[in-house]
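**Student:** Build me a structure from this.
(one chain, ligands or ions: 3)
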Amino acid sequence: MKRIAVLTSGGDSPGMNAAVRAVVRKANFHGVEVMGIFHGYEGFIHGKMELLNLGSVGGIIQRGGTKLFSSRCPEFKQNEYQLQGLEKMKEAGVEALVVIGGDGSYRGAKALTEKGFPCVGVPGTIDNDIPGTEYTIGFDTAINTVIESIDKIRDTATSHENSFVVEVMGRNAGDIALWAGLAAGAESVIIPEEEYNLDEIIARMKQGEARGKKHSIIIVAEGAISANDLAKLLKEKAGITTRVSVLGHIQRGGSPTARDRVLASRLGAKAVEVLLEGKSGRAVGIKNHQIYDYDLDDVFNNKHKADVSLYTLSKELSI
Ligand SMILES: Nc1ncnc2c1ncn2[C@@H]1O[C@H](COP(=O)(O)OP(=O)(O)OP(=O)(O)O)[C@@H](O)[C@H]1O
Ligand SMILES: O=P(O)(O)OC[C@H]1O[C@](O)(CO)[C@@H](O)[C@@H]1O
Ligand SMILES: [Mg+2]
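**Tutor:** Ligands and ions are numbered 1, 2, ... in the order given. A predicted model of the protein is given here:
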């Protein structure tokens, strides 16, 4: 194998740059060239790419976002655009592709693999929702951003004796809400994977109040209910007034934590190894501290599960 390509796709995540750097440097170490494709699958379709070398990925390990830019490119679901992109790769002598992104991006990798073009998926998403890997690149940074924000919210909540509903990202997955909830000591956490009980949330708030607690923080994952809707329900059902804070895209930015940089470096390098071993249609992940590769189909045939024990523990510790 003489030349491969790398792209970042879907929502960006802190550590994507570190993963790109690892792909380029590991490949170069083995004498393989790497083309960086810009704007995810959009760039793949139009052949927007340039040769990356050791120097061009210097100074990015600490930067959030992605040097290669990202996109959501709905056209790429269509056969004709995939074929158009493959033609561009052929013209540029690109023999294989590393896709850094979330579950949607992996579907693009799968489609290309089925057309005989070797692909490996690297989990880059703050959502931590890719089956087969315990952690995705960017998740650790995102939850640290969230707890930093919630700590600040708690300062003002305590001073003014106000309760807050804080909305965090996670369309289908509650990992950000769950981990941040436990780490920031939120009084209640609502995630898409578990049915929530409004009466129980109200009872927990009242229970806190009864022992002199003048504020509560409730974290909701956006995929479960919006913070504004929950605030309305609390008002209507129990007369409880809350302030609402929607953290939004701040969660996707920032310099990656050490954990994300190390994970990205290990996974990016592993993806190159997998391609050099002649494998295709694989994903790389981490399980029990070990980096490994597995069939891309395992991502689609399994559903990401939230760790319900964290949910239970969070309830036990924050009353
Ligand atoms: N079924 C599919 N076939 C081919 N390409 C796809 C498919 N689904 C998604 N893609 C491509 O992957 C891109 C990214 O997917 P998506 O928007 O779901 O984000 P993601 O990779 O899951 O990341 P995140 O959820 O973290 O934002 C899409 O815009 C599209 O270009
Ligand atoms: O605003 P955008 O770019 O569509 O992204 C929002 C979505 O992307 C994610 O952050 C994942 O990257 C989701 O949690 C969120 O719903
Ligand atoms: Mg996704």
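
**Student:** what about the strands in the protein?
**Tutor:** Counting by DSSP state E, residue ranges of the strands within the chain are 3-8, 33-37, 49-52, 96-101, 119-123, 163-168, 188-190, 217-221, 242-246, 282-287, 290-295.

**Student:** can you list these in a markdown table and add distance to ligand 2?
**Tutor:** In this view, the C-beta of every residue, glycine as well, is placed from N, C-alpha and C. Output for the strands of the chain, formatted as a markdown table (distance: least, CB to the nearest ligand atom, whole Å):
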| stretch | distance to ligand 2 |
| --- | --- |
| strand 3-8 | 11 |
| strand 33-37 | 19 |
| strand 49-52 | 23 |
| strand 96-101 | 9 |
| strand 119-123 | 12 |
| strand 163-168 | 8 |
| strand 188-190 | 15 |
| strand 217-221 | 8 |
| strand 242-246 | 12 |
| strand 282-287 | 17 |
| strand 290-295 | 22 |
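
**Student:** do stretch 129-144 and ligand 2 meet?
**Tutor:** No - in this structure, stretch 129-144 remains apart from ligand 2 according to CB under 6 Å from any ligand atom; the gap is never smaller than 8.1 Å.

**Student:** Check the strands of the chain for me and report the most buried one.
**Tutor:** Highest mean neighbour count of these: strand 119-123, a mean of 32 (counted as mean count of other CB atoms under 10 Å).

**Student:** angle of that strand against strand 282-287?
**Tutor:** With axes from the mean of the first three to the mean of the last three CA atoms, to 10 degrees applied, the angle from strand 119-123 to strand 282-287 works out at 30 degrees.

**Student:** What's the mean pLDDT across strand 119-123?
**Tutor:** Across strand 119-123, the average pLDDT comes to 98.

**Student:** Likewise for stretch 239-248?
**Tutor:** Stretch 239-248 shows an average pLDDT of 97 in the prediction.

**Student:** could I get the strands of the chain as a markdown table with distance to D140?
**Tutor:** Formatted as a markdown table, these follow (distance: least, CB to CB, whole Å):
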| stretch | distance to D140 |
| --- | --- |
| strand 3-8 | 18 |
| strand 33-37 | 25 |
| strand 49-52 | 25 |
| strand 96-101 | 16 |
| strand 119-123 | 12 |
| strand 163-168 | 14 |
| strand 188-190 | 18 |
| strand 217-221 | 17 |
| strand 242-246 | 22 |
| strand 282-287 | 12 |
| strand 290-295 | 16 |
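
**Student:** For N228, which of these is the nearest?
**Tutor:** Taking CB to CB as the measure, the strands of the chain were each checked against N228, and strand 242-246 came out nearest at 5.6 Å.

**Student:** Excluding its own residues, what touches that closest one? List them.
**Tutor:** Among residues not part of strand 242-246, those counted as contacts by CB atoms under 8 Å, 6 or more residues apart in numbering are 149, 153, 157, 162-167, 218, 226-228, 230-231, 234-235.

**Student:** try it again with 7 Å
**Tutor:** Applying CB atoms under 7 Å, 6 or more residues apart in numbering, the set of residues contacting strand 242-246 from outside is 153, 162-167, 227-228, 231, 234.
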